[in-house]
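**Q** task: produce atomic coordinates for the following.
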Amino acid sequence: MAKRAAPVEFEAFLLLIGKLNYTWSNTESLLIHLIAGLSGMDKETATVVFLTLNTTRARIDLVERLSKLERTSAGERDMILALTKRIQKQSALRNHYSHCIYAFDGEGANPRSILMRIADRKSSLVMGQAQDLDAAAAEDLSAGIAELAAINHDIWEAVREYGYPS
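**A** Reported below is the predicted structural model:
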């Protein structure tokens, strides 16, 4: 019976990762409204710009740079920059689970994620950092999902407050 418990737990973890990716995509797509509002574009044009920029980092950079234009009020700029900072903070969690592989012990239990990234240090490389997929990791995922939902809500509040295209 113990062997059957681990796959169920891993499946539940995979559902959390799926929910994280869904919530992330939903929240990231709201940058379209910020691009439209800050640049004075209509939503259709902002969507083309959003889709042309093929990384989250580029999309956030654009939103931040638009918010720093002189025509943007200090309050509006502060709100937008606070939102993008929150998104960036969550991107580390999303990137971790989107760009890793999953490993198990010899019996198919004790799942863990292994980062598929090389970190250059002064005189060495760090590869394959592993993290157990345990209750603490699941709590981190759940907290990240909740924060993305809150960011999503706050972006919609900014869209309404500043009259951005919706």
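**Q** host element of Ala36?
**A** Ala36 is located in helix 31-39, with elements delineated by DSSP states H and E.
**Q** C-alpha coordinates for that helix, PDB please?
**A** What follows is helix 31-39, C-alpha atoms only, in PDB (Å, rounded to 0.1, in the frame of the first residue of the first chain):
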ATOM      1  CA  LEU A  31      -0.200  42.800 -18.800                       C
ATOM      2  CA  ILE A  32      -2.000  43.400 -22.100                       C
ATOM      3  CA  HIS A  33      -4.400  45.800 -20.300                       C
ATOM      4  CA  LEU A  34      -1.500  47.600 -18.600                       C
ATOM      5  CA  ILE A  35       0.400  47.900 -21.900                       C
ATOM      6  CA  ALA A  36      -2.800  49.300 -23.600                       C
ATOM      7  CA  GLY A  37      -3.500  51.800 -20.800                       C
ATOM      8  CA  LEU A  38       0.000  53.000 -20.200                       C
ATOM      9  CA  SER A  39       0.800  53.400 -23.900                       C
END
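**Q** mean confidence (pLDDT) on the next helix or strand after it, please.
**A** Following helix 31-39 in sequence order, the next helix or strand is helix 43-52 (DSSP H and E). The average of the pLDDT scores along helix 43-52 is 98.
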